[in-house]
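J.: I'll drop the sequence and a predicted model, then ask my questions.
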Amino acid sequence: LFGSAVEQKLVAMEPGGGAARTSGRSVNQCLFAQNGECRILPDQVEVSELQVCKVCHGYYHRICSKNSDQSDKCGLSACLDAEDITQANAERMPAIEITEEDQPEPGNAASEPQRHAAQNNNQVARRRGRTRKDANIQDLLIPANNILDEEVESMYDDTVAIKSKQVYRGSMLLFLEWVFVNNETLKLVTPEMQTHLLEADQREAVLTPEGIPTSVCIKRLLAQKEIVPLHLDKLTPRIFMKWVAHRITKNPSLSSSTCNTYRSSLGHLFKHFGFKMTQDFKETLSTLYDGLKKRLNKKTALNAGARVTTGKDPLPWAVYQDLCKLMLKKADREYLWGRTFLIVSWNLMTRSTSTCNLLYNHMQFSQDSLNFFIIHQKNDQAGEKPKDPKHVYGNPKNPAVCPLVALGSTVM
């Protein structure tokens, strides 16, 4: 009765009129036809007019209404119950002031269906308990402390991992030392930094006898953001590459990956102090690095004592198997955990950090395999990639390296 009442009314309403004129509709659409109380005869269907009840929004004939004094209500018991619920909800709801602009124009049939549709939606929302409560002003006020500023600052700092920051600061420590020593030629140290160093040296020894900041002092300078140590807007790619060439001269075995770390550290230095590299700066630095990589690769090819491969060597299967068997013979708990950690990392092919972050709710059985979900990993730190599980299977032929046996022995 109430489900499609609004849609029925929208179909029944005609522009330019107040009530619905539905001549020619079937007599069965009358609400009283359901219990056989409709007074319209079959031969009077063509001339009968169906009205719309303003409470239940159903169709009825005026002659069938049980409310002789109110022609806009059908008068059924269900309609009266709905009217009582509407009045009770209206008493609980705060009064809403309606301006003249919100008032519908008289005789506007298009506003009448909208009003009834809004009333019906509000009734449904109130019955389901979805009516939005007024917000508490105290909850919306910005706190007097700097907790929100600290949250925003932590979001900015979380863009770079802690270990990466340590590597970048170590590289920029060497770069700043070189700049401070050659500042008479480069002219890159800011006056604010020079004043800060002189004042700090009076409180504690932060300068060497040559007037160069100590390593501890430079680390503190790189950790803060208030005082910019260098004129980053005057720093050119050629000046930076002079320092890289100086590092290669002091350490001829310097690899190309280390030089790439220097480049990333420079970008972090700009970002940390609120500067942005220009497009010309990036293109010039990229061109110089292309030439540097070719030179280093050619130098490695002509050096008989140079190491061909870079990075860590893989763990052979035989060594891995012997380690698992050796730790299996030990009864100490540290060997039990170490063996499980090794086997899980081997089967998942993940970094040690990803294995450490595994929880029980990251695992689930699926048919004949145990699925692991890696939530946080280095190549997906924001968690935007699909969370496809990694399937791990048992090894009944070699229990020493079976991941299910290892997990079972650790959990049990």
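T.: Sure, I can see it. Numbering: from 1, shown residues only.
J.: could you pull out the strands for this protein?
T.: Assignment of strands within the chain using DSSP state E yields the ranges 50-52, 59-61, 363-366, 369-372, 390-392.
J.: got those strands as CSV, with mean neighbour count and mean pLDDT columns?
T.: Quick note: C-beta positions are derived from backbone N, CA and C, even for glycine. Written out in CSV, the entries for these read as follows (neighbours: other Cβ atoms under 10 Å; pLDDT from 0 to 100):
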stretch, mean neighbour count, mean pLDDT
strand 50-52, 23, 77
strand 59-61, 23, 75
strand 363-366, 11, 89
strand 369-372, 17, 92
strand 390-392, 16, 92
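J.: Show the contacting residues for the spatially closest residue to Pro396 that is not a sequence neighbour.
T.: Nearest-residue entry for Pro396: Cys402, 7.1 Å, with adjacent residues in sequence omitted and distances by Cβ to Cβ, 6 or more residues apart in numbering. Shown in contact with Cys402 (Cβ atoms under 8 Å, 6 or more residues apart in numbering): 343, 394-396.
J.: which residue packs closest to Phe365, ignoring adjacent ones?
T.: If the residues on either side of it in the chain are set aside, Phe365 comes closest to Asn371, at 7.3 Å by Cβ to Cβ, 6+ apart.
J.: Name all residues that make contact with that neighbour.
T.: For Asn371, the residues meeting the contact criterion (Cβ under 8 Å, 6+ apart) are 363-365, 389-392.
J.: from the residues you listed, which single one is nearest Lys54?
T.: Proximity of the contacts of Asn371 to Lys54, judged by Cβ to Cβ, is greatest for Gln364, which lies at 55.6 Å.
J.: who's that closest one bridged to?
T.: Gln364 has these beta-bridge partners by DSSP bridges: Asn371.
J.: Quick check: which ranges of this structure have low pLDDT?
T.: Segments of the chain classed as low confidence (criterion: pLDDT under 70) are 1-28, 41-48, 66-71, 76-134, 412.
J.: Scan it for its longest helix.
T.: The helix that spans the most residues within the chain, counting by DSSP state H, is helix 279-302.
J.: And for that helix, what's in contact with it?
T.: Taking contacts as Cβ under 8 Å, 6+ apart, the residues outside helix 279-302 that touch it are 236-238, 240-241, 244, 248, 254-256, 259-260, 263, 277, 306, 308.
J.: ok, now with 10 Å
T.: Outside of helix 279-302, the residues that reach it under the criterion Cβ atoms under 10 Å, 6 or more residues apart in numbering are 232-233, 235-238, 240-241, 244-245, 248, 252-260, 262-263, 266-267, 270, 277-278, 306-308, 310.
J.: Show me how far that helix is from its chain's centre.
T.: Helix 279-302 has its C-alpha centroid displaced from the chain centroid by 37 Å (Cα atoms, centre = their mean, to the nearest Å).
J.: and what of stretch 270-282?
T.: A distance of 26 Å separates the centroid of the chain from that of stretch 270-282, by Cα atoms, centre = their mean.
J.: Buried residues in that stretch, which are they?
T.: Applying a neighbour-count criterion of 16 or more other Cβ atoms under 10 Å, one finds 272-273, 277, 281 buried in stretch 270-282.
J.: for those residues, which one is nearest Leu186?
T.: Minimum distance to Leu186 across the buried residues of stretch 270-282 is 16.3 Å, recorded for Phe281 (Cβ to Cβ).
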